[in-house]
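Visitor: Could you look at this predicted model? Sequence included:
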Amino acid sequence: MLSRSGTLRLAVVLPLLLLAACGGSEPQAKANGNAAERPIPVTTRVVQPSAWNDTLQALGTAKARESVTLTAKVSEIVQDVHFESGQQVSAGQTLVTLKGDAAHAALVQAEATYAEADRLYRRQKELADQQLIARSQLDTQLALRDAAAARVRQARADIGDRSVRAPFAGVLGIRQVSPGSLITANSTIATLDDVSRMYVDFQVPEAALATVGVGNAVTAGATAFPGETFEGKVETVDARIDPTTRAVTVRAVFPNDDRKLRPGMLLDVRLFRPERQALVIPEIAVVQVGRDSFVYRVKADGSVEQAPVTAGVRRDGQVEILKGVAAGDRIVIDGTGKLRPGVKVADAAPAAPPKQDAPAADGKG
């Protein structure tokens, strides 16, 4: 049990402790209140319309501007091969020569027959002019001479068919024949591609047809060249829409001076639609919670509110806002992770530029 003196001390000490506790908590409460009311530093921006063009993405296959598989017109033995695999050739250059002994002999025979028929025609023409032979006999000889001339042309064409020439300038593929081999009309000699410009065909949905036109900018990427972008333009939009896929084929042309694009290459194509004015903000400003998207909009009193938005096309860290904000609204761009509706914000001071070292003094004395 407490003595009377102890009870008196306790009665005096307790009020003093309570008074001290009350007096100490008041400054701390004020400090906490000031900290809560202090604006949160963020980065804001006023939304303004800017130039924007969205894109359509598709897969396309590269094709050579001109492409052909070289074959021979006749079945014959290869006499000479005048090219190597992968060689660049010009239009009309001779690539393969076939044996043509029989064709040359046929030409000599045809020329001899024509010469004899021509002599007879000239002699009979003189006689006909003197009315010594009937005119019908002269006409018969003229027909024989013309037939002989046709056989000469045919023999020369047969000889020409024994030389395989490049129909256009381009790059040859792997050689498939050698001297001495027998080739037929179905035998492949090599492939020839004009790869100075490349075509890329890809599909565009019917709903986007109104925004696709000749001259639209197109970019493409290839897995063979990661990080590299090829630039081209739309050259042709097909006249028909596929009734099965409800898509239209679009052909873009790409310069290929460095010969990086090759026929058959699969490309990731992006078609840029015509430029227009849109509300575009950085992607980092859009907060995603489940299926809902919103931005923090700054009100007149400096506090923020959540503004639900509908996002459109995203590209290069930017996103088009279709609904939810208007031109002139101030939104928070950076620092959204520490915000909640109703808190006040203030633009953070821009970082000071790094100090440059003072130039060294000239030591000339």
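Guide: All right, it came through fine.
Visitor: so what's the spatially most central residue of the chain up against?
Guide: Among the residues of the chain, the one closest to the centroid is residue 220, at 1.9 Å (Cα atoms, centre = their mean). Residues in contact with residue 220, defined by Cβ atoms under 8 Å, 6 or more residues apart in numbering, are 60, 200, 229, 230, 232, 252, 254, 267, 268, 269, 270. Glycine gets a C-beta too; all of them are placed from N, C-alpha and C.
Visitor: Could you do residue 256 as well?
Guide: Here residue 256 is in contact with 195, 196, 197, 198 (Cβ under 8 Å, 6+ apart).
Visitor: give me the low-pLDDT residue ranges for this structure?
Guide: Along the chain, segments meeting pLDDT under 70 span 1-37, 349-365.
Visitor: Which helix or which strand is home to residue 332?
Guide: strand 330-334 (DSSP states H and E).
Visitor: Off-centre distance for stretch 147-167?
Guide: Distance of stretch 147-167 from its chain centroid, counting by Cα atoms, centre = their mean, to the nearest Å, is 45 Å.
Visitor: picking that back up, redo the contacts of residue 220 as JSON lines? Include distance to residue 281, secondary structure and neighbour count.
Guide: Listed next are the contacts of residue 220 as JSON lines, based on distance: Cβ to Cβ, whole Å; DSSP: H, G, I helix; E, B strand; the rest coil; neighbours: other Cβ atoms under 10 Å:
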{"residue": "60", "distance to residue 281": "31", "secondary structure": "strand", "neighbour count": "23"}
{"residue": "200", "distance to residue 281": "32", "secondary structure": "strand", "neighbour count": "26"}
{"residue": "229", "distance to residue 281": "24", "secondary structure": "coil", "neighbour count": "11"}
{"residue": "230", "distance to residue 281": "29", "secondary structure": "strand", "neighbour count": "22"}
{"residue": "232", "distance to residue 281": "30", "secondary structure": "strand", "neighbour count": "23"}
{"residue": "252", "distance to residue 281": "30", "secondary structure": "strand", "neighbour count": "25"}
{"residue": "254", "distance to residue 281": "32", "secondary structure": "strand", "neighbour count": "23"}
{"residue": "267", "distance to residue 281": "30", "secondary structure": "strand", "neighbour count": "25"}
{"residue": "268", "distance to residue 281": "26", "secondary structure": "strand", "neighbour count": "15"}
{"residue": "269", "distance to residue 281": "27", "secondary structure": "strand", "neighbour count": "26"}
{"residue": "270", "distance to residue 281": "21", "secondary structure": "strand", "neighbour count": "18"}
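Visitor: Can you get me the start-to-end distance on stretch 46-54?
Guide: End-to-end distance for stretch 46-54, by Cα to Cα, to the nearest Å: 22 Å.
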